[in-house]
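1. Dropping the sequence and predicted coords here.
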Amino acid sequence: MAEEVYMDIPVVQRMADSFGQFSEILKGVSKAMEAALMILRATAFVGLIGGAIVERWISMMKPNVDKMAAKMAELQNDVNGAIVSYRDGDNTGSNHFR
C-alpha cells in the first residue's frame with residue numbers, strides 16, 4: 001500500500017530560509033574572525049604571546065566556520081529543491097487525472 005506524502009510548504013520554506021539566514025550569520029562571523037586574525041598577526045610580531053595563542057586558535061576554528069556556512073547554504077538549496085520537486089510533482093501528477 002502506498003503511503004501519502006505531505007509537505008506543509010510554508011513551514012518548510014521558513015526552515016529553508018532559516019538555513020540561509022544561519023549561513024549568512026556564519027559568513028559574517030568568518031569575516032570578523034578574518035579581521036581579528038589580521039590584527040592578531042600584526043600584534044604577534046610585537047611580542048604578545050597571548051595574541052599569538054588566540055591567533056592560532058582562530059586560524060584553526062575559521063575553516064570550520066566556513067565549512068558550516070557552506071553546509072547551511074547547501075541545506076537551504078536542498079530544502080528549496082525538495083519544495084520545488086514536491087510542488088511540481090504534485091501538479092504534474094494531478095494533471096494525469098483531469
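-> That came through fine.

2. Show me the shaky parts of the chain.
-> 1-2, 44-48, 50, 90-98 (pLDDT under 70).

3. Residue nearest the middle of it, spatially speaking?
-> Nearest to the mean C-alpha position of the chain, by Cα atoms, centre = their mean, lies M72 at 1.9 Å.

4. tell me the SS of that residue?
-> Here M72 is recorded as helix under DSSP: H, G, I helix; E, B strand; the rest coil.

5. Against A32, how distant is it?
-> 17 Å (Cβ to Cβ, to the nearest Å). Every residue, glycine included, has its C-beta placed from N, CA and C.

6. can you check E4 too?
-> 46 Å.

7. Same check on S23?
-> 15 Å.

8. Who has more neighbours out of those two?
-> S23 (20 against 13; other Cβ atoms under 10 Å).

9. Name the helix or strand for the more buried one, please.
-> helix 9-44 (DSSP states H and E).
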